[in-house]
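In: Structural data only, the sequence is not supplied:
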DNA sequence: TTTATATGTAACTTTTAAGTTACGCAAATA
DNA sequence: TATTTGCGTAACTTAAAAGTTACATATAAA
């Protein structure tokens, strides 16, 4: 785990981290209740959460000694922006096809 | 590099691989012309391309001894599907807010 | 037909990521 | 106030990813 990355793409590369995000769709959860769902140790889950937080996928609200995790749209938006860039490509390809078909007529 | 992964999320985790995808937006390119843009060796680029292909981000058309790479929508769609799942979450959060505001009036 | 080009692959090294255990510390509870 | 709970972190190990060089091979060009 070592140094946590800030990169959104790397953050979601790990299946456990995607699973954590999936769990937070339903409820806000603290670190321990998230960790209960995994085979791995709590510190391991804790590190995953740190990576997700730094990459903008989750935010954490500290309530006493507990840390409540919830989804943060930022990270997701970063991915969307990237995907949108390629959508322009598909759209222009589609347009080219239309032009070709039009000329054939 | 070793065994190429089939996972779309892992495929785009690597910055060089995202760069390769970016290069293919403009033109279909063969392996060598893609490799020219990188500091790393050609075999390294070749392996990245294999991973991108297996994850459904690019397709390859063999023309003689050359292999022409172009974007494939499949991989991108896999990511979109994943993101859409979370969009439901944001939408329901928004709806809850609307209900709260409505009740306040 | 010799040579150059475009590639894949195997064997290896290096780097990085992911996990572990052992600890410390502050907040809640008994 | 002693104890339990909910964490973070450091030090370490293991596993996987990313890169390298050295080859082999098929196609194209001289």
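Out: Here it is on my side, so go on. Being a predicted model, the structure only gives us computed values, none of them experimental. Residues are numbered from 1 along each chain as shown, chains lettered A, B, ... in the order given.
In: residues in chain A within reach of DNA strand D, list them.
Out: Within chain A, the positions lying close to DNA strand D (Cβ under 7 Å from any atom of the strand) are A:1-2, A:30-33, A:42-43, A:46-47, A:49-50, A:65-67. Glycine gets a C-beta too; all of them are placed from N, C-alpha and C.
In: Could you find the lowest-pLDDT member of these?
Out: Lowest pLDDT within these is found at residue A:2 (34).
In: where are the low-confidence patches of chain A?
Out: Counting by pLDDT under 70, chain A shows low-confidence ranges at A:1-6, A:105.
In: any idea where the strands of it begin and end?
Out: Taking DSSP state E, the strands of chain A run over residues A:29-30, A:58-63, A:66-71.
In: what separates the shortest one from the chain centre, distance-wise?
Out: Pointing back at strand A:29-30 there. With Cα atoms, centre = their mean, to the nearest Å as the basis, strand A:29-30 stands 17 Å off its chain's centre.
In: helices or strands up against it?
Out: Here strand A:29-30 touches strand A:66-71, going by 3 or more Cβ pairs under 8 Å, 6 or more residues apart in numbering or on different chains; DSSP states H and E.
In: So which residues of chain A form helices?
Out: For chain A, the helices defined by DSSP state H cover A:8-11, A:15-23, A:31-35, A:42-54, A:73-104.
In: can the longest one be found next to chain B?
Out: Yes. Contact between helix A:73-104 and chain B is present through A:73, A:76, A:79-80, A:82-83, A:85-86, A:88-90 (criterion: Cβ under 8 Å from any Cβ of the partner chain).
In: Buried subset of the residues you listed as a ChimeraX selection?
Out: What follows is the ChimeraX syntax for the buried subset of the residues of helix A:73-104 next to chain B, where burial is set by 16 or more other Cβ atoms under 10 Å in any protein chain shown:
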select /A:73,76,79,80,82,86,89
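In: Can you tell me which of the residues of helix A:73-104 next to chain B is nearest chain B?
Out: residue A:89 (4.8 Å; Cβ to the nearest Cβ).
In: Now do the closest one against residue A:95, distance only.
Out: In this structure, residue A:89 and residue A:95 are 11 Å apart, going by Cβ to Cβ, to the nearest Å.
In: Distance of the nearest residue to residue A:25 once chain neighbours are set aside relative to DNA strand D?
Out: Distances taken as Cβ to Cβ, 6 or more residues apart in numbering or on different chains place residue B:89 nearest to residue A:25, at 4.8 Å, with adjacent residues excluded. According to Cβ to the nearest atom of the strand, to the nearest Å, residue B:89 stands 21 Å off from DNA strand D.
In: Residue B:89 and residue A:71 touch, don't they?
Out: Yes. Under the criterion of Cβ atoms under 8 Å, residue B:89 makes contact with residue A:71 at 6.3 Å.
In: shared neighbours of those two, which are they?
Out: residue A:25 (Cβ atoms under 8 Å, 6 or more residues apart in numbering or on different chains).
In: that older thread, top of the residues of chain A next to DNA strand D by neighbour count?
Out: residue A:49 (24 neighbours; other Cβ atoms under 10 Å in any protein chain shown).
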